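Q: here is my input, please return the structure:
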Amino acid sequence: MNKDYDFCGWATRNDLRCSDGRIIRRNAFQHNDGDKVPLIWNHDHSSPSKLVGHCILENRNEGVYTYGYLNNSIRGRRERLYNIHI
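A: Here you go, the predicted model:
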């Protein structure tokens, strides 16, 4: 994977309870390996302004890893600046 993404990390880990109460099992997203999916701010689908970019999913033994690409919206630019400085 080229390092042109803005951030990377775990989208979900296997067999852990998520903040929404769900438990994702191993290979639950295996069919999405390599897919490009929308990156929604705080899982809030209430407004198009919550779309801050996209992610590429990578199914791994431990869970789903993601490579995030922020868009040029106000929130996307702000988060890109924040990520540079942490």
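
Q: in the helix-or-strand element of the chain with minimal mean pLDDT, what's buried?
A: Lowest on mean pLDDT, DSSP states H and E among the helices and strands of the chain sits helix 74-85, with a mean of 74. By neighbour count with 16 or more other Cβ atoms under 10 Å, helix 74-85 contains the buried residues 76, 79, 80. C-betas here are computed from N, CA, C, even on glycine.

Q: same deal with stretch 43-61?
A: Burial within stretch 43-61, assessed by neighbour count using 16+ other Cβ under 10 Å, is assigned to 50, 51, 52, 53, 54, 55, 56, 57, 58, 59.

Q: among those residues, which ones are in strands?
A: Among the buried residues of stretch 43-61, the members falling in strands (DSSP state E) are 51, 52, 53, 54, 55, 56, 57, 58, 59.

Q: closest to residue 6 among the residues you listed?
A: residue 53 (7.3 Å; Cβ to Cβ).
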